[in-house]
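S.K.: coordinates for the following, if possible.
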Amino acid sequence: MEPMPRGLKALSWITGALFGVALYMVFFYAPREAVMGDVQRVFYFHVAAGWVGALAFLVTAVAGVLYLARATAAGTSSPRLRSRSASSSP
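M.R.: From the prediction side, this is the model:
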């Protein structure tokens, strides 16, 4: 198993810290809403998480389509199959 790149490790720590800050702000900093009370505070976190999830799905879908389009243009089903078939030929 390859070690995690330094940039990814730093990004992981930054993400964890910002996640903690967001939770703190949702439950301790945000004022209590008059009608819904504490239940309304949960929306601050869940709406943002929903947007991030939707964006991640969109980015993954676009990257997958581009990956498959590039492989199809090269005349094979995927670049991995192309490299395997080239290396396994006698």
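S.K.: same question for stretch 38-49: list its buried residues.
M.R.: Neighbour-count burial for stretch 38-49 flags 41, 44-45 (criterion: 16 or more other Cβ atoms under 10 Å). Placement of C-beta: from N, CA and C, glycine included.
S.K.: stretch 63-71 now?
M.R.: Ala71.
S.K.: swap in stretch 22-31?
M.R.: For stretch 22-31, a neighbour-count test (16+ other Cβ under 10 Å) marks Val26 as buried.
S.K.: start and end of it, how far apart?
M.R.: Start-to-end span of stretch 22-31 (Cα to Cα, to the nearest Å) is 14 Å.
S.K.: mind checking the pLDDT average for that stretch?
M.R.: Average pLDDT, stretch 22-31: 87.
S.K.: now find how far off-centre it is within its chain.
M.R.: 23 Å (Cα atoms, centre = their mean, to the nearest Å).
S.K.: how near is the most centrally placed residue in the chain to Tyr24?
M.R.: In the chain, the centroid-proximal residue (Cα atoms, centre = their mean) is Ala56; its distance is 4.7 Å. Distance from Ala56 to Tyr24, counting by Cβ to Cβ, to the nearest Å: 24 Å.
S.K.: again with Ala10
M.R.: Applying Cβ to Cβ, the value for Ala10 to Tyr24 is 21 Å.
S.K.: same check on His46?
M.R.: His46 is 16 Å from Tyr24, by Cβ to Cβ.
S.K.: cool, and Phe43?
M.R.: In terms of Cβ to Cβ, Phe43 sits 16 Å off from Tyr24.
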